[in-house]
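Visitor: Just to be clear, the model below is a prediction. Sequence and coordinates:
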Amino acid sequence: MQDKGYSAEWLEKLKYNSNIVTVISKYLTLTRKGNTYWACCPFHHEKTPSFAVNEQGQFYHCFGCGVGGDVFRFIRNIEGVEFMEAVKILADMAGMEMPQISNNNEYFERKKKLDLLKEICRESAIYYNKQLNSNFGKKGLDYLLSRGVEKSTITKLGIGYSPNWNGLPKYLLSKGYNADDIIEAGVCARGEEGNLYDEMGVRVVFPVIDHTGKVVGFSGRAIESEKRAKYKNTRGTPIFNKSSNIYCINFLRKARLQKNYAILVEGQMDVVSLQQAGFQNAIATMGTAFNKNHVQTLSRFVDSVIVCFDGDSAGQKATAKSLEPLLDEGFDIKVLELPEKLDPDEYIKKYGAEAYQKLIDNALPVYEYEIKAEANKLNLNDRDNVSKFIDNALKVVVDIKKESEKQVYVDLIAKLSSVPRETIFRQLLTTKKAKPKDDNKSQVEEINVVKTKNYLAEQFVLASVLHKKPYVEGVEIDDFVNTNFKQVYKYLLENDFPIVAKLYDNFDVENNNDIMSLINFDFSKISNLKNEFDGCLNMLKLDKLIAKQNQINAQIQNCTNDEVKLALLKKASEISKEINEKKTLLNKVG
């Protein structure tokens, strides 16, 4: 097998030289307890260590947030890089020379081009920042200082200024970049006469940096009143898409270790003010509604979001729209309400960071916010509006998954409406859930969760095999009905039962819940492992025998040859004897 041009043999050698405990120890302080090393998870905020590293199996798993994988996956997640970059990082750690690439030239040509475009964006950012700090940047610097932006913040965020339309293209051409690449990077375009001009000409410029720390685009703000758009983003390029890039996402990697949540605000200046006030987890979209692409990017770093948009009605509508994709992906969401119709930038300037932190601490859970927002739309002193409020509020509650949480919000609706909770609860029982947005997706998900009769027994038996438990014996491939379990056992059998981490090389573990459940199986919940194993294995073998017996009985009924029928009856008798033996064993095990 080869992966991205590297031979399986070389990758195997790299993995062998990259002991997962040694590698993770470079990032975390591990404490050994028995055969497992423990630490606080680097991928979510926690006080009690739930991040486990298994040296024997060469894999890790967090019992808090559920992340797990081999040494390659750890580097990809902790560094926020793709597979190729993870390989290079591990090779450097192991002191191994990178080999020549043996295939996949198309991939590497594309990667080379993307790296070049990012390099052009980086040089552009350097140019803009230098201009801001020169005599040519006085207008831009005066504007930023007038908005309360400190020079240290300008440096931290790499903010710059474009004083004219032709300075950047001249600078980039002098650096040896060709015009076509400069245009493809999105920093310049051609004018009517064919000359290059700066896309961010005469604007304060905010570099957009991706989660790996690379400049991929820009957002510009005009500071003089003229007939053109006040805000402008880099157009879509191979490295920039305003519908998926997030401003200041690059700071979340460090910020998440202190605060496992992001503060989502509306604009760049809101982010700048919050970053300056010490909130390194402040982010914003590029002027677009928060969508699934943003959620996927954000989910690499945090699992909670504080939504904080402007305090006016437009901001509140933006808040409501932003919640849907976050809820769909299971984020823990709270909503921060700003008083006096202020935006975050204005609030920080007026009241300071400490007051803003108090607002964060008192942010409302999303369902409470939505119910109160429904109440605020109507005058509940008018009894005609009460039923409307209850109808709208229950549409929020009916989609909540936890029954205990539903009860909490039924109580809230009762309190706000002054209607008995029993009445509201009865109405909740008749309130229909909203139809799924994607019916096909729902059907697929429903199919995926259907499990075989003895699923848990198969899972425990195979997990015991995978983790090389000493009580394991007598397992055969046809003991398994589940297709994924059968494939895993076949692989283990054919490869002399390798370490757990090998599954990541040969299966799409992250997208296969069955295999993930084997890797992360919690044996501590079972008091007598050997008895449980014997019972589960006998159950599987019993079912196999019963199925075989049913098959032979059907053959006997259809058989017209006396000699063949006699042989089938003898076989059926033998199987019946085995079935009774298995049942006796199962009764002994309990």
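Guide: Noted; the coordinates are in hand. Owing to the predicted nature of the structure, the values given are computational and were not obtained by experimental measurement.
Visitor: Pull up the distance across stretch 133-149, start to finish.
Guide: Using Cα to Cα, to the nearest Å, one end of stretch 133-149 lies 14 Å from the other.
Visitor: Apologies, that question was intended for stretch 281-295.
Guide: Distance between the boundary residues of stretch 281-295 (Cα to Cα) amounts to 15 Å.
Visitor: Tell me the buried residues in it?
Guide: By 16 or more other Cβ atoms under 10 Å, the buried positions in stretch 281-295 come out as 281-286, 290, 293-295. Heads up, the C-betas are built off the backbone N, CA and C, glycines and all.
Visitor: Same question for stretch 403-414.
Guide: 406, 409-410, 412-414.
Visitor: Could you check how many residues crowd around Leu132?
Guide: 24 (other Cβ atoms under 10 Å).
Visitor: got a list of what the nearest residue to it once chain neighbours are set aside touches?
Guide: Residue nearest to Leu132 in three dimensions, not counting chain neighbours: Tyr161, with 3.9 Å by Cβ to Cβ, 6 or more residues apart in numbering. Counting by Cβ atoms under 8 Å, 6 or more residues apart in numbering, Tyr161 touches 128, 131-132, 136-137, 139-141, 203-205.
Visitor: Buried only: go through those for me.
Guide: Among the contacts of Tyr161, those buried by neighbour count (16+ other Cβ under 10 Å) are 128, 131-132, 137, 140-141, 203-205.
Visitor: need the next SSE after the helix or strand hosting Leu323, C-terminal direction.
Guide: Assessed by DSSP states H and E, Leu323 sits inside helix 313-328. Next in sequence after helix 313-328, counting helices and strands by DSSP H and E, comes strand 332-335.
Visitor: which non-adjacent residue is nearest the most centrally placed residue in the chain?
Guide: Nearest to the mean C-alpha position of the chain, by Cα atoms, centre = their mean, lies Ser299 at 3.2 Å. Spatial nearest neighbour of Ser299, excluding adjacent residues (Cβ to Cβ, 6+ apart): Glu329 at 6.3 Å.
Visitor: Check the gap between that neighbour and Leu323 for me.
Guide: Glu329 is 11 Å from Leu323, where distance means Cβ to Cβ, to the nearest Å.
Visitor: quick one: low-confidence ranges for the stretch 101-250 of the chain?
Guide: For the stretch 101-250 of the chain, applying pLDDT under 70 flags the ranges 101-105, 107, 226.
Visitor: follow-up on the earlier one: now do the residue nearest to the centre of the chain, the pLDDT please.
Guide: Ser299 carries a pLDDT score of 76 in this model.
Visitor: which stretches of the stretch 451-590 of the chain form helices?
Guide: Remark: helices assigned in the stretch 451-590 of the chain by DSSP state H, counting those that start in this stretch are 455-466, 483-494, 503-506, 513-519, 529-558, 562-589.
Visitor: quick one: average confidence on the longest one?
Guide: Spelled out, it's helix 529-558. Mean predicted confidence for helix 529-558 is 80.
Visitor: in it, what's buried?
Guide: Within helix 529-558, the residues scored as buried using 16+ other Cβ under 10 Å are 529, 532-545, 548-549, 552.
Visitor: Run the chain-centre distance for it.
Guide: 42 Å (Cα atoms, centre = their mean, to the nearest Å).
Visitor: What helices and strands are in contact with that helix?
Guide: When contacts are defined as 3 or more Cβ pairs under 8 Å, 6 or more residues apart in numbering; DSSP states H and E, helix 529-558 packs onto helix 455-466, helix 562-589.
Visitor: Low-confidence stretches in the stretch 251-400 of the chain?
Guide: Where the stretch 251-400 of the chain drops to pLDDT under 70, the residues are 256-257, 310-322.
Visitor: all helices in it, in order from the N-terminus.
Guide: Going by DSSP H, counting those that start in this stretch, the stretch 251-400 of the chain shows helices at 252-255, 268-276, 292-298, 313-328, 344-351, 353-361, 366-376, 383-397.
Visitor: Now render those as TSV, adding distance to Asn195.
Guide: As requested, those are arranged in TSV below (distance: least, Cβ to Cβ, whole Å):
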stretch	distance to Asn195
helix 252-255	40
helix 268-276	29
helix 292-298	35
helix 313-328	39
helix 344-351	37
helix 353-361	46
helix 366-376	51
helix 383-397	56
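Visitor: Let me have the contacts of Tyr161 in TSV, extended by distance to Ser25 and secondary structure.
Guide: Shown next, in TSV, are the contacts of Tyr161 (distance: Cβ to Cβ, whole Å; DSSP: H, G, I helix; E, B strand; the rest coil):
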residue	distance to Ser25	secondary structure
Tyr128	40	helix
Gln131	44	helix
Leu132	42	helix
Phe136	49	helix
Gly137	45	helix
Lys139	51	helix
Gly140	46	helix
Leu141	45	helix
Arg203	46	strand
Val204	44	strand
Val205	41	strand
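Visitor: still on that earlier bit, which of the buried residues of stretch 403-414 lies closest to Ile579?
Guide: Nearest to Ile579 among the buried residues of stretch 403-414 is Lys406, at 46.7 Å by Cβ to Cβ.
Visitor: pLDDT score for that closest one?
Guide: Per-residue confidence (pLDDT) for Lys406: 89.
Visitor: secondary structure element for it?
Guide: helix 403-417.
Visitor: Can you spell out which helices and strands pack onto that helix?
Guide: Judged by 3+ Cβ pairs under 8 Å, 6+ apart, helix 403-417 is in contact with helix 366-376, helix 383-397, helix 421-430.
Visitor: Pick the most buried one from the ones you listed.
Guide: Ranked by mean neighbour count, the helices and strands packed on helix 403-417 are led by helix 366-376 with a mean of 19 (mean count of other Cβ atoms under 10 Å).
Visitor: now that one against helix 383-397, angle please.
Guide: For helix 366-376 against helix 383-397, the angle by axes from the mean of the first three to the mean of the last three Cα atoms, to 10 degrees is 160 degrees.
Visitor: Distance from the chain centre to helix 366-376, please.
Guide: Offset of helix 366-376 from its chain centre (Cα atoms, centre = their mean): 27 Å.
Visitor: Please look at Glu370 and Val396 and confirm they touch.
Guide: Yes: using Cβ atoms under 8 Å, Glu370 makes contact with Val396 at a distance of 4.8 Å.
Visitor: Give me the distance from the helix or strand harbouring Ile78 to the chain's centre.
Guide: Applying DSSP H and E as the criterion places Ile78 in helix 71-79. Centroid separation for helix 71-79 versus its chain: 14 Å, with Cα atoms, centre = their mean.
Visitor: Which element is encountered next along the chain beyond that helix?
Guide: Helix 71-79 is succeeded, C-terminally, by helix 83-94 (DSSP H and E).
Visitor: The helix or strand hosting Glu12 packs against which elements?
Guide: Using DSSP H and E, Glu12 falls within helix 8-16. Applying 3+ Cβ pairs under 8 Å, 6+ apart, one finds that helix 8-16 contacts helix 83-94.
Visitor: repeat that for 10 Å
Guide: strand 2-3, helix 71-79, helix 83-94, helix 503-506 (3 or more Cβ pairs under 10 Å, 6 or more residues apart in numbering; DSSP states H and E).
Visitor: most neighbours per residue, which of those?
Guide: Greatest burial across these, using mean count of other Cβ under 10 Å, falls to helix 71-79, with a mean of 21.
Visitor: Counting by contacts, list what it packs against.
Guide: Looks like helix 71-79 contacts helix 8-16, helix 20-25, strand 59-62, strand 68-69, helix 83-94, helix 503-506 (3+ Cβ pairs under 10 Å, 6+ apart).
Visitor: rewinding a little: same list (the buried residues of stretch 403-414) but as CSV, adding distance to Tyr247.
Guide: As requested, the buried residues of stretch 403-414 are exported to CSV (distance: Cβ to Cβ, whole Å):
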residue, distance to Tyr247
Lys406, 36
Tyr409, 33
Val410, 39
Leu412, 35
Ile413, 37
Ala414, 41
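Visitor: Taking the residues you listed together, which two end up most distant?
Guide: Checking the buried residues of stretch 403-414 with Cβ to Cβ, the most distant pair is Lys406 and Ala414, at 12.5 Å.
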